[in-house]
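Enquirer: Quick one: sequence plus predicted model below, questions after.
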Amino acid sequence: MSDARTLDVEVPEQGGAESMMINMGPQHPSTHGVLRLILQMDGEEITLCEPVIGYLHRGKEKIGEGYSLHKFIPYTDRLDYLAPLANNVAFAYAGEKLTGVECPPRAQAIRVICSELSRISAHLLGLGAYAMDLGAMTVFLWTFRERESIYTMIERICGARFTTSYTRIGGVERDLPEDFWTRLREFVRTFPGRVDEYEAMLTRNKIWVRRTQGVGVITREQCLQFGLTGPILRASGVEYDVRKARPYGGYENYEFEIPIGTEGDCYDRYLVRIEEMRQSNRILEQVIETIPSGPIMNREAEGSLKAVLPEKTKVLTNMEALIHQFMVGTESDVLPVGECLFSAENPKGELGFYLRSKGGDKPDRLRIRGPSFANLQILREIVPGHMVADIMAILGSIDFVMGECDR
Amino acid sequence: MSDNLLFIIGTNLAKIILFTHLVLIFAAYMPWVERKVSAWMQDRVGPNRVGYAGLLQPIADALKFIFKEDAIPGHVEKVLFVLAPAMTVIPALLILAVIPFAPPVKVLGESVQMVIADLDTGILFVFAISSLSVYGITFAGWASNNKYSLLGGVRSSAQMISYEVCLGLSVVGIFMAAQTLRLTDIVTLQVDGVWNIFTQPIGALVFIVAAFAETNRLPFDLPEAETELVAGYHTEYGSMKFAMFFAGEYAAMFVFSALVAVLFLGGWDVPFMSNATFAALGNWGVVIGMLSFLTKVCAFLFFYVWVRWTIPRFRFDQLMHLGWKVLLPLALVNVVITGLWNLP
């Protein structure tokens, strides 16, 4: 075929008798999803690393242009599929920023709970997979014990464990049930002890320390050059967390610290994530104490703006509400002309939604800034010079999700 | 020793059948134990579907392996590919020949050693045979014609050769003190005296670490490090050939646990019992001795499992560093100390 194309991938030449090319992924047990790495190796040492992405590309941004904001919420579940609730929250805030709908305080507090539970859950999986890749299987299964209780809570929040689609423009879908609170209190009480258990297995474990310290060092400058965010950025010593830098959703009302690393190596990234889990737990404690009562949807906005869905019971009993529901669900002129960018601190880093509207009910352009995409860029820089076994430490500590990278 | 040829053949055959099957049963049930213990450590249930508490799981697994298609990929070096699994199982079973299981048993008024071959060169035979097992893995890695397998094979040959040196040196102290290489003599000396683990703590430490490396168990399971090399040297293997690698690994674990028991934990010794007590108890002494020996083996096997599910894996260079720069000097120091201690 004359018009055959090739991927724009720089495939290194087979150089010399000593070097070997290895194609790691997209189906390799430790590339967590469908990341593919083309490695050139000299014995066990890597001389070149070329990440190839796109195996999970589903065209989410384009899909977003064809749907109204509410209809896109389920798609956000499948971005960072380890923290669907956090994606829902970020997208809802972005939509609210565009439409100018305020989120009531109780819904904001519920969203904080959602974000922090997601953060804990995602960090737990990140930590577990990281430990498992370095051979410590038990930590992985221990983290699943806590993740199970988080998933049970998520099931109580919205009825689904994985595909949550919980937030709405102007609030959240439903209020939290009573038994959720008992579960959450129990979780918050026991969780710090569980983190201590993980730490007992790893933090001072000589093999763990030797496998991670000084491995995959990312400097502060590299972080800024490559636009890395999240725990990786903080492990390299940059004090940047969207929750502190540009507080949203009432994060300014809660007390928490941002853990900062010093070396920027795999060990620091591990420590930062461990500490972030403790801090998230601290935020959850405060939310339990301070959550205000009140509506969970901004009902005042119902009349003026058609971005907010009416109450379901009203839809079933009231003609106007039914029409309203129909208008929101089909064609209606709900989006003001304009553009907005909202970014939230997600478990993997800064998740940004850029929305541009020319009116109508669908955004003219939806751009998603997935933190994993930016974070994976650094692989080319830091992997060469390491050994094959170090890739597992580096990938584990970068803790990426391909669903969000490929979108 | 009887001159009756029939008697010698009969007793030896009985011992071979008994011990080999003992090891094979252990090798079959170790995965079950491993799964149960790991489940217990990790808040899980473990196998519980096949039979009571999943006790028939090994049989189900074996049946599954037997009935799987024995596929040989097109790109492999056929002869070595088929030979390799056998070459990992056979050395493990051969080492068994020199391991004393119990004090001598009285059969028809004759005293019979509870060891298949009571060689004068005992432990040297062990090292000679155990170094052969590296060929199975290396050939598997090379014959598979797969880069991950090759890396696994290369890693394992480097690892096993390095740790063989430590393994050999770590027991030199015992022979200097015992002045014999025969394993039955080493046990009888411990039965009347002190267990070698107390007189040779450094040697025991080095031996145990090296035994982990020799059996490719975590933290030294680099040749088959799943997350790095997919499945290492047995990536291309399936059905019964894979099962043989599996069985070979567990048989090797049993054999090395038995060696630890014989060399350092007094073999069939029970605390506060001497050779005279064992002899006085007659064949009951044999039963007690064998149970004691198997208890020690099981305890060490449990230790194997415990370590595997607790700590992470070494990196290749760190493994080499540990072998050559830490364990080897330690073993040499142990030899020097033992030499000075036993000065006439």
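Expert: Structure's in. What do you need? This is a predicted model, so every value here is computed, not measured.

Enquirer: make it CA atoms for all contacts and neighbour counts henceforth
Expert: OK.

Enquirer: what does the stretch 51-200 of chain A put close to chain B?
Expert: Residues of the stretch 51-200 of chain A lying close to chain B by CA under 8 Å from any CA of the partner chain are A:131-138, A:141-142, A:145.

Enquirer: Make TSV out of the residues you listed and add pLDDT and secondary structure.
Expert: Output for those, formatted as TSV (pLDDT from 0 to 100; DSSP: H, G, I helix; E, B strand; the rest coil):
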residue	pLDDT	secondary structure
A:131	87	helix
A:132	84	helix
A:133	83	helix
A:134	83	coil
A:135	79	coil
A:136	80	coil
A:137	81	helix
A:138	85	helix
A:141	87	helix
A:142	88	helix
A:145	87	helix
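
Enquirer: and the two most separated of these?
Expert: A:134 and A:145 (19.7 Å; CA to CA).

Enquirer: who's more crowded, those two?
Expert: It is residue A:134, of residue A:134 and residue A:145, that has more neighbours when counted by other CA atoms under 10 Å in any protein chain shown, with 30 against 16.

Enquirer: isn't the more buried one right up against residue B:309?
Expert: No - counting by CA atoms under 8 Å, residue A:134 does not reach residue B:309; the two are 11.9 Å apart.

Enquirer: Kindly state the pLDDT recorded for the closest residue to residue B:132 other than its chain neighbours?
Expert: Of all residues not flanking residue B:132 in the chain, residue B:91 sits nearest, at 6.5 Å (CA to CA, 6 or more residues apart in numbering or on different chains). In this model, residue B:91 is scored at 86, pLDDT.

Enquirer: if I look at residue B:91, how far off is chain A?
Expert: Distance of residue B:91 to chain A, computed by CA to the nearest CA, to the nearest Å: 27 Å.

Enquirer: Can you report how many residues neighbour that residue?
Expert: Counted with other CA under 10 Å, residue B:91 comes out at 22.

Enquirer: What helix or strand is it located in?
Expert: Element membership for residue B:91, per DSSP states H and E: helix B:78-95.

Enquirer: Residue 287: which element?
Expert: Going with chain A. helix A:266-290.

Enquirer: that's the wrong chain, I wanted chain B
Expert: helix B:283-308.

Enquirer: Just the buried residues of that helix, please?
Expert: B:283, B:285-294, B:296-298, B:300-302, B:304-305, B:308 (16 or more other CA atoms under 10 Å in any protein chain shown).

Enquirer: Report the rounded mean pLDDT for it.
Expert: Per-residue scores along helix B:283-308 average to 86.

Enquirer: got it, and stretch A:338-353?
Expert: Here the average pLDDT along stretch A:338-353 is 89.

Enquirer: list the contacts for the residue nearest to residue B:132?
Expert: Neighbouring residues of residue B:91 by CA atoms under 8 Å, 6 or more residues apart in numbering or on different chains: B:129-130, B:132-133.

Enquirer: 10 Å - rerun?
Expert: The contact partners of residue B:91, taken as CA atoms under 10 Å, 6 or more residues apart in numbering or on different chains, are B:126, B:128-134, B:136, B:248, B:251-252.

Enquirer: do the same with residue A:47
Expert: A:19-21, A:39-41, A:383-387.

Enquirer: 8 Å instead, please
Expert: Going by CA under 8 Å, 6+ apart, residue A:47 touches A:39-41, A:384-385.

Enquirer: Show me the residues you listed that map onto strands.
Expert: Secondary structure defined by DSSP state E assigns A:39-41 of the contacts of residue A:47 to strands.

Enquirer: Quick check, pLDDT for residue B:44.
Expert: Residue B:44 is given a pLDDT of 84.

Enquirer: Burial check on it, number of neighbours?
Expert: Neighbours of residue B:44 (other CA under 10 Å): 15.

Enquirer: host element of it?
Expert: For residue B:44, there is no enclosing helix or strand under DSSP H and E.

Enquirer: That one and chain A, how far apart?
Expert: Taken as CA to the nearest CA, the span from residue B:44 to chain A is 9 Å.

Enquirer: Pull the number of nearby residues for residue B:11.
Expert: Counted with other CA under 10 Å, the neighbours of residue B:11 add up to 16.

Enquirer: Now it. Nearest residue, chain neighbours left out?
Expert: Counting by CA to CA, 6+ apart, the residue nearest residue B:11 is residue B:112, at 7.8 Å.

Enquirer: Spit out the contact partners of that neighbour.
Expert: Contacts for residue B:112 (CA under 8 Å, 6+ apart) come out as B:1, B:11, B:104-106.

Enquirer: List the beta-bridge partners for it.
Expert: Note on residue B:112: beta-bridge partners by DSSP bridges are residue B:105.

Enquirer: what does the stretch 301-407 of chain A put close to chain B?
Expert: Counting by CA under 8 Å from any CA, the residues of the stretch 301-407 of chain A close to chain B are A:388-390, A:392.

Enquirer: closest to chain B among the residues you listed?
Expert: Closest approach to chain B among these (CA to the nearest CA): residue A:389, at 6.1 Å.

Enquirer: ok, the closest one touching residue B:315?
Expert: Yes - the pair residue A:389 / residue B:315 is scored as a contact, 6.1 Å apart, by CA under 8 Å.

Enquirer: measure residue B:233 to residue B:143 for me?
Expert: Using CA to CA, to the nearest Å, one gets 9 Å for the distance from residue B:233 to residue B:143.

Enquirer: repeat for residue A:330
Expert: Taking CA to CA, one finds residue A:330 at 63 Å from residue B:143.

Enquirer: in stretch B:132-152, what counts as buried?
Expert: B:133-152.

Enquirer: Using TSV, please lay out the contacts of residue B:91 together with secondary structure.
Expert: Shown next, in TSV, are the contacts of residue B:91 (DSSP: H, G, I helix; E, B strand; the rest coil):
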residue	secondary structure
B:126	helix
B:128	helix
B:129	helix
B:130	helix
B:131	coil
B:132	coil
B:133	helix
B:134	helix
B:136	helix
B:248	helix
B:251	helix
B:252	helix
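
Enquirer: Go through the contacts of residue B:112 and name the one nearest residue B:184.
Expert: Nearest to residue B:184 out of the contacts of residue B:112 is residue B:104 (CA to CA; 9.5 Å).

Enquirer: Can you tell me the number of residues neighbouring that closest one?
Expert: Around residue B:104 sit 21 other residues, with neighbours defined as other CA under 10 Å.

Enquirer: same deal with residue A:152?
Expert: Neighbours of residue A:152 under the rule other CA under 10 Å: 16.
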